[in-house]
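**Student:** A predicted structure for the sequence below; I have some questions about it.
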Amino acid sequence: MNRHTVTVVRPGVVDYLGDPSPGTEFQLDGCVLAPRGSSEVNDFSQTVLEDVTLFCPAGADVRASDLVRWNGRTYSVQGTPSVWESPFSDWTPGQQVALTRVEG
């Protein structure tokens, strides 16, 4: 199984005065990506949605508002990342993150 390094892009926020703060980026090692399929948006455009599941190490700081860059493509996180937990022990092997890339 090939493990990959992805870049997590955390957008900046806007403060109460309307001033934006810069976002941050960091590398996340030991990840595995698996395709979930793709679909087309039927609104007379040529938009294609590509869905991927990112499996990352336990404790990875990935949030619903983040973007993930991998292999020259940028994906948005869909929903809250899920943590795997063993029902038989305290072992937490990792997190599962649903990603979608919009092309077109």
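**Tutor:** It's in.
**Student:** helix, strand, or coil at the residue sitting furthest away from the middle of the chain?
**Tutor:** Seen from the C-alpha centroid of the chain, the residue lying at the greatest distance (C-alpha atoms, centre = their mean) is L17, 29.6 Å away. What DSSP: H, G, I helix; E, B strand; the rest coil gives for L17 is coil.
**Student:** any idea how far D51 is from it?
**Tutor:** Distance from L17 to D51, counting by C-beta to C-beta, to the nearest Å: 38 Å. Glycine gets a C-beta too; all of them are placed from N, C-alpha and C.
**Student:** before we move on, what about P11?
**Tutor:** 21 Å.
**Student:** and N71, by the same measure?
**Tutor:** Here N71 is placed at a distance of 15 Å from D51 (C-beta to C-beta).
**Student:** and the nearest residue to S65 once chain neighbours are set aside, what does it touch?
**Tutor:** Nearest non-adjacent residue to S65, counting by C-beta to C-beta, 6 or more residues apart in numbering: P11, 6.5 Å away. Counting by C-beta atoms under 8 Å, 6 or more residues apart in numbering, P11 touches 23, 65-67.
**Student:** mind naming the longest strand for the protein?
**Tutor:** Looking across the chain with DSSP state E, the single longest strand is strand 24-40.
**Student:** tell me what the very next helix or strand once past that strand is packed against?
**Tutor:** Once the chain leaves strand 24-40, the next helix or strand it forms, by DSSP states H and E, is strand 48-57. Using 3 or more C-beta pairs under 8 Å, 6 or more residues apart in numbering; DSSP states H and E, the elements in contact with strand 48-57 are strand 24-40, strand 73-77, strand 94-103.
**Student:** can you redo the ones you listed as JSON lines with mean neighbour count and distance to D61?
**Tutor:** JSON lines is the format used below for the helices and strands packed on strand 48-57 (neighbours: other C-beta atoms under 10 Å; distance: least, C-beta to C-beta, whole Å):
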{"stretch": "strand 24-40", "mean neighbour count": "13", "distance to D61": "8"}
{"stretch": "strand 73-77", "mean neighbour count": "16", "distance to D61": "12"}
{"stretch": "strand 94-103", "mean neighbour count": "17", "distance to D61": "10"}
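**Student:** all set now, cheers.
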